[in-house]
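> what shape does this take:
(chains A, B, C, D and E)
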Amino acid sequence: MIVNCAVYAGGQKVADIPLDQAGEWAARDGHFVWIGLYEPDEEEMKLVQAELDLHDLAVEDAHRAHQRPKLEEYDDALFVVLRAAHWNEEKRTIDRGETHVFVGPRYVVSVRHGDTGSYALVRERCELSPEHLALGPGFVLYAIMDFVVDSYFGVVDHFEDRVGTLEEAIFADRSQRDIARRIYDLKRRLIMVKRAVSPLVEVLNRLVRYDSHQLVPEAVRPYFRDVYDHVVRINESVDSLRDLLSGALDANLAMTSIRQNEVMKQLAGWAAVVAVPTLLAGIWGMNFQHMPELAEPWGYPVALALMAGVMAFLHSRFKRAGWL
Amino acid sequence: MIVNCAVYAGGQKVADIPLDQAGEWAARDGHFVWIGLYEPDEEEMKLVQAELDLHDLAVEDAHRAHQRPKLEEYDDALFVVLRAAHWNEEKRTIDRGETHVFVGPRYVVSVRHGDTGSYALVRERCELSPEHLALGPGFVLYAIMDFVVDSYFGVVDHFEDRVGTLEEAIFADRSQRDIARRIYDLKRRLIMVKRAVSPLVEVLNRLVRYDSHQLVPEAVRPYFRDVYDHVVRINESVDSLRDLLSGALDANLAMTSIRQNEVMKQLAGWAAVVAVPTLLAGIWGMNFQHMPELAEPWGYPVALALMAGVMAFLHSRFKRAGWL
Amino acid sequence: MIVNCAVYAGGQKVADIPLDQAGEWAARDGHFVWIGLYEPDEEEMKLVQAELDLHDLAVEDAHRAHQRPKLEEYDDALFVVLRAAHWNEEKRTIDRGETHVFVGPRYVVSVRHGDTGSYALVRERCELSPEHLALGPGFVLYAIMDFVVDSYFGVVDHFEDRVGTLEEAIFADRSQRDIARRIYDLKRRLIMVKRAVSPLVEVLNRLVRYDSHQLVPEAVRPYFRDVYDHVVRINESVDSLRDLLSGALDANLAMTSIRQNEVMKQLAGWAAVVAVPTLLAGIWGMNFQHMPELAEPWGYPVALALMAGVMAFLHSRFKRAGWL
Amino acid sequence: MIVNCAVYAGGQKVADIPLDQAGEWAARDGHFVWIGLYEPDEEEMKLVQAELDLHDLAVEDAHRAHQRPKLEEYDDALFVVLRAAHWNEEKRTIDRGETHVFVGPRYVVSVRHGDTGSYALVRERCELSPEHLALGPGFVLYAIMDFVVDSYFGVVDHFEDRVGTLEEAIFADRSQRDIARRIYDLKRRLIMVKRAVSPLVEVLNRLVRYDSHQLVPEAVRPYFRDVYDHVVRINESVDSLRDLLSGALDANLAMTSIRQNEVMKQLAGWAAVVAVPTLLAGIWGMNFQHMPELAEPWGYPVALALMAGVMAFLHSRFKRAGWL
Amino acid sequence: MIVNCAVYAGGQKVADIPLDQAGEWAARDGHFVWIGLYEPDEEEMKLVQAELDLHDLAVEDAHRAHQRPKLEEYDDALFVVLRAAHWNEEKRTIDRGETHVFVGPRYVVSVRHGDTGSYALVRERCELSPEHLALGPGFVLYAIMDFVVDSYFGVVDHFEDRVGTLEEAIFADRSQRDIARRIYDLKRRLIMVKRAVSPLVEVLNRLVRYDSHQLVPEAVRPYFRDVYDHVVRINESVDSLRDLLSGALDANLAMTSIRQNEVMKQLAGWAAVVAVPTLLAGIWGMNFQHMPELAEPWGYPVALALMAGVMAFLHSRFKRAGWL
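Numbers count the residues shown, from 1 in each chain, chains lettered A, B, ... in the order given. The predicted structure follows:
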């Protein structure tokens, strides 16, 4: 689907154009074309490729999703793959998507796949600051990357919340069964985010260091450095979260063991409290003919009292020892 | 076994030739020979070596299987060792093989060992795009590597399926004994795949960066970069899988502990439910002469009712506490 | 809040000035302005930016807290982000803060956020050694970094104390439940400190190696090397502490298991001590008509003695075996 | 002990010579001396040093065993320390040794310590291929290193066998006590082999890259690259084995836990099967005067049948639930 | 305390001098001063600094102990910090100390802190080999470092002994409680040694590579390489020990679990052996009027025999199954 296709010059939008005029406009000096596609079909991709003369391999990659984030240089073009993730507060899920960006001297093409939000907002913001947009396609690339990277902060915040509630659950007395599953689940998601974010460190590092590349002019580089910092911070947060999670796992294991100890102590304690009077009852239930206490009228009450006393004594001892 | 031996020029197959004419054809300008061998015997290897003047050490390596993936440069030739793996859906096993490729300015020799599929398909595909095949032996090397690397995706997918079923089994109530074995088994296979794939990252990195080598012309390098990306992705998938597996292991251990806790609680709970009425029965089984309740007609039913009541009370309490 | 704003020349304070004269004074040869801000509002930041011509992105960063420690170079200025932590002995908490420092050829601006102590002390110390202060803004940067880094030593010492008390608790017989929580808690704080300190290694390394930068003159570099050493030492201490903590965790797990073993042995031991006489009582409680010992006057005392003997024997055996 | 001392020229052995003529022969153009020593005494070492002018520190090292594998360059000589290990199938132990090799432009001295096999075989093989031996002392160094490295394959194979039998033992129902010991033992041996092999990677890497050194002529370098590959492979095998071993450890721990669960379930199950009829017996053993069933002739058989029924019912239920 | 202060020339001691003549002698061509201090007070340090013109920061460091090992270069001087550790066989403790060495073109100053042995021995050895001492202050630095590093071998040997006794204790049946503590304790000491030794690798590496520095002449470098080898070996030993220790920890955990299994099996086994005859006694203790076996004279002995038989049967079965 073609979301948008417009020409910009001097930081201002010149016109919305049909896709098949893109090549023509991109050839004009001082102009660049910004095309936004959403899960384009083969025909649309072919048209864009023909208009802007994109490299075969890059187009092939853009067609298939599930690429890893990367930056590839072709003669006079860059091809960037990004993975997007966005915490959807309403549905309480993580929306995932993938974006492929082709950047040439006079064009930017963004190809969006999946459920994450559209780049209409990015376009809007860019159009509001013409002095930046005048820097050309390199700045648009920055704007898209910044947008994608920023939405990871929400994901990381969500993970931090979940680790927080996990901690409480671990040290509280709730169902442990659930906790093991939640730890595992969170770990799996962190691995997913890590795989999406960590290659970006290298990608942005290369974009920051491009001294000679005309597509990333000097003035745009501090902006990429800013995104680089964000990516590094997200990366560190994810690493810290994994560290915390492994700590939570250890704590959970320790708590399970401790609870087992407590159950066993209670088992042992109550067993003792019941077993001793049972023995006594057994003794007075023996059939010896000469058991003088059996004939006494005080025998029975004393026996019961003795049993109760033994139970009370054992109970209080175990209580004091922390077994009951 | 000689699978195939053909001469190509300008991207077109010129002729199928017998092995002992390979040297002669390889000497002609603009031609190159592509030989496919399957577990060749010593004689065949010697013939190929003599015809194409291959290096002793490389031939020795090709003869013995169980090399690690590597790229070796000789004066005007490359020697590449690849390990292949292929998920066989029918037999539900992983077929394993090894391929050694000799690449010279005017020849390619592939030596296949083991159970993985033949390269007939590769040859076919190459012959269908003469403009690529015209790039020479370097492109053929790419085509073979691409084929080998792509078949790892199937293996990784299979592993991901298995981790998925493992997860379900862990958090379900199935036999834990089996799970420990499956985790171990999967771990062993991942180590095997890792050993086969990870050296390829370095091999492909070197192929991509060959600026000066005539065997890998400029136009072929983007293709190797593509394979490089695939290898990195497979590598990352394997690392993620290992990470997930270690998470699964931890989860399994936690679940085993939790189940043990549950068994122990049940043991303790039922023991208490039975032990208390047993004590009561013991008490009324004592032989004291003055136990007035024994003589009453309501004694027995009340005793039974009391026992039942105690049992019901204990049962409901343990039930509420989640022990039963 | 503007904490301080003064002009220095030749190592001596020349005058306290209002903020809006900062640019003017900073333009005079041989003078530099040192401005100290505490959580400035937008207006104050804007004024400083205008006076000293600071870069947009840096100011934006300084406005938002929660940056990661970093060093950024702009044309003729440095922007340094530091995270501060300070062990508050009174409240027994770790105060945390963040400081952003702008360093130009003729100015230093420190922007402090959070609860850690003011830099009045740093200013005082600097003013006491004019020969150092004469080195310019670079030395002030050193003085601030030294102050921030040194306060981490107190935090690390506090952690070492806590690990020490943890060790005692683990090998003593106290509540294990508490220990798991304390280990987890300490781990979380160490991760926090690690994230604040470890990026400083790279920052200081770059400051030490600045050969050509006018802001860090040759004579100041040994001082940065000194701070570098401190940061490395703190880093190593944190790593050692994490190592120790993981050892403590393992030890705790081992102790929990061992205690469980001990509880189980006691359970088993006492169960045996009570079960055997209960069996004996059961035997003599059987209703066979021909049980000669039942009729003997010595039957009952002998039975009791036998029971007591069996119990004493079992008790002493288990005692010797270390089960009781 | 002097094992051998011979002069070679043009790939052919010229003569066996006494040790004190070594210097004289080594001075002749186109000749080189190959001396093989086995745990030489101080006098012998001194004589060799004097004849061939070896460096003090190297000789000191060669005298003491327990060096770590390394390569040291002196002005015109190389000093190589190797650790040898050999799986002795007969005694079923790993023989360990150490070899120090001095290589100069016209001499090779090998000093062997410990139990591993002599280098007679290496000498024999070298003498059989004069075209290689003609390459000089560098080739002899290769031959010795190849021999030492190859014998590690046997050690690794042996370890792989042991891991295999371990796996079976873990998932079978054998004594776990033994398994923990075997895992630990294997781990210790792997650490030992790792320490012997891993420094060789660096040593061989340096030998392969020696562009300018006359002792390793161009033609010998592919051979060192071959040994390099072997060392890397052994290294990877050892790493894989350690990985597998840690997997085995985890699996063992999991199996121990699972077995504990099974024991506990059986304990609980059988306890229940016995406890319920015991309660019933206790009830009918009470001394209430009005227990009508006691007077009935069918009372006893029915009671026994009821008990048996309860036991059978519980047994079958636990059986079905997998507890018995 | 001033331990020693002497002038050397041409490898020979010229004279013992008072500290305040050090500067004067150090100015003479071909002479150098070697000063040995032990925990000097401020005055002594100031005097040395004044005489030899040492850098402020270095002197400050030397005054405070608890530096991390490092090498710092000042214009024409080196400042080296070493941590010493020595296994004291008599007191069975590890003596710890710290040494700071200032090396200039014509002086060496060693400042010793803590309990490790004096450097009198080093001085003696140096004086015995004038040809080495003639190499100047660089050789003295080597001699001190060699002495410090060598004493770590004793520490490592001691650790290896302790790991050995640990292993035995783990697989024997001794108190596990103690073992967990010993493992933790050893781990803590290894971390301490690691922190002292590992920075030395970098320090020595830099000393070995100093091509241009006059303080480390060409002839001294092989000696530093020798110390470098020792440091690497100690480092590797410490790493191996940590690896072994983690193996010991795992083994200990496994053994604790296994022992728990054994205790539980015994508990279950004996419980069964006692519970079944208890049930039988309960049955014959029931008060049914029609229990024909009760009236028989053979009833009681047969009942006892039956009980004994059941117990013997169960006992032998559990014995065979390895539960008892």
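> any idea of the mean pLDDT for the longest helix along chain A?
As assigned by DSSP state H, the longest helix anywhere in chain A is helix A:221-284. Averaging pLDDT along helix A:221-284 gives 90.
> quick one: the spatially closest residue to A:K194 that is not a sequence neighbour from chain C, how far?
Closest residue to A:K194 apart from its sequence neighbours, by C-beta to C-beta, 6 or more residues apart in numbering or on different chains: A:V238 at 5.2 Å. No exception for glycine: its C-beta is placed from N, CA and C like everyone else's. According to C-beta to the nearest C-beta, to the nearest Å, A:V238 and chain C sit 12 Å apart.
> show me the contacts for A:V238.
Residues in contact with A:V238, defined by C-beta atoms under 8 Å, 6 or more residues apart in numbering or on different chains, are A:V156, A:F159, A:L190, A:V193, A:K194, A:V197.
> does A:R96 touch A:A85 like I think?
Yes. Using C-beta atoms under 8 Å, A:R96 makes contact with A:A85 at a distance of 5.3 Å.
> looking at those two, which is more packed in?
The neighbour count for A:R96 versus A:A85, taken as other C-beta atoms under 10 Å in any protein chain shown, is higher for A:A85 (22 against 17).
> quick one on the thing from earlier: overlap in contacts, A:R96 and A:A85.
Going by C-beta under 8 Å, 6+ apart, residues that sit against A:R96 and also against A:A85 are A:T116.
> sorry, back to before: list the buried residues in the next helix or strand after the longest helix of chain A.
Next along the chain after helix A:221-284, taking DSSP states H and E as the criterion, comes helix A:292-295. Within helix A:292-295, the residues that count as buried by 16 or more other C-beta atoms under 10 Å in any protein chain shown are A:L294.
> do helix A:292-295 and chain B meet?
Yes. For helix A:292-295, a contact with chain B is found by C-beta under 8 Å from any C-beta of the partner chain, at A:E293, A:L294, A:A295.
> dump these into a markdown table; add pLDDT as well.
What follows is those, written out as a markdown table (pLDDT from 0 to 100):
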| residue | pLDDT |
| --- | --- |
| A:E293 | 86 |
| A:L294 | 89 |
| A:A295 | 87 |
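> ok, back up a step: mind putting the contacts of A:V238 in CSV, secondary structure, neighbour count and pLDDT included?
Below are these laid out as CSV (DSSP: H, G, I helix; E, B strand; the rest coil; neighbours: other C-beta atoms under 10 Å in any protein chain shown; pLDDT from 0 to 100):
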residue, secondary structure, neighbour count, pLDDT
A:V156, helix, 22, 93
A:F159, helix, 22, 94
A:L190, helix, 22, 93
A:V193, helix, 22, 91
A:K194, helix, 19, 92
A:V197, helix, 23, 92
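> those: which two are farthest apart?
A:F159 and A:V197 (12.2 Å; C-beta to C-beta).
> show the contacting residues for the closest residue to A:T256 other than its chain neighbours.
Among residues not flanking A:T256 along the chain, B:S257 sits closest, at 4.6 Å (C-beta to C-beta, 6+ apart). With contact set as C-beta under 8 Å, 6+ apart, B:S257 has these partners: A:L253, A:T256, A:S257, A:Q260, D:S257.
> check those residues against B:V59 and report the nearest one.
D:S257 (52.6 Å).
> near chain E, which residues of chain A are found?
Checking chain A against chain E by C-beta under 8 Å from any C-beta, the hits are A:G285.
> and the residue in chain A that chain C sits nearest to, what does it touch?
Closest approach between chain A and chain C, counting by C-beta to the nearest C-beta: A:G282, at 3.2 Å. Residues in contact with A:G282 (C-beta under 8 Å, 6+ apart) are B:G282, C:P277, C:T278, C:A281, C:G282, C:G285.
> from those residues, pick the one nearest B:A303.
B:G282 (11.8 Å).
> so how far is C:I234 from that closest one?
B:G282 sits 68 Å away from C:I234, going by C-beta to C-beta, to the nearest Å.
> mind listing the strands for chain A?
A:2-9, A:12-16, A:31-38, A:70-74, A:77-88, A:93-104, A:107-114 (DSSP state E).
> which of the ones you listed has the highest mean neighbour count?
strand A:107-114 (a mean of 24; mean count of other C-beta atoms under 10 Å in any protein chain shown).
> parallel or antiparallel, which strands does that one pair with?
Strand partners for strand A:107-114, identified by DSSP bridges, are recorded as strand A:31-38 (parallel), strand A:93-104 (antiparallel).
> orientation of that strand relative to strand A:2-9 in degrees?
160 degrees (axes from the mean of the first three to the mean of the last three C-alpha atoms, to 10 degrees).
> how many neighbouring residues does the closest residue to A:A169 other than its chain neighbours have?
Closest residue to A:A169 apart from its sequence neighbours, by C-beta to C-beta, 6+ apart: A:I179 at 5.6 Å. Burial of A:I179 is recorded as 22 neighbouring residues (other C-beta under 10 Å).
> residue ranges with poor pLDDT in the stretch 101-250 of chain A?
A:174-176, A:210-213 (pLDDT under 70).
> flag every residue of it that's near chain C.
Near chain C, when you scan the stretch 101-250 of chain A using C-beta under 8 Å from any C-beta, you find A:167, A:170-171, A:222-223, A:225-226, A:229, A:232-233, A:236, A:240, A:243-244, A:247-248, A:250.
> for the residue in chain A that chain D sits nearest to, what are phi and psi?
In chain A, the residue that lies nearest chain D is A:G285 (7.2 Å; C-beta to the nearest C-beta). For A:G285, the backbone dihedrals (degrees, to the nearest 10) come out as phi -90, psi 0.
> what sits against it?
With contact taken as C-beta under 8 Å, 6+ apart, A:G285 is in contact with B:G282, B:G285, B:M286, B:N287, C:A281, C:G285, D:G285, E:G285.
> and which of those residues is nearest C:Y119?
When those are compared against C:Y119 (criterion: C-beta to C-beta), the nearest one is B:G282, at 79.5 Å.
> perfect, I'm done here.
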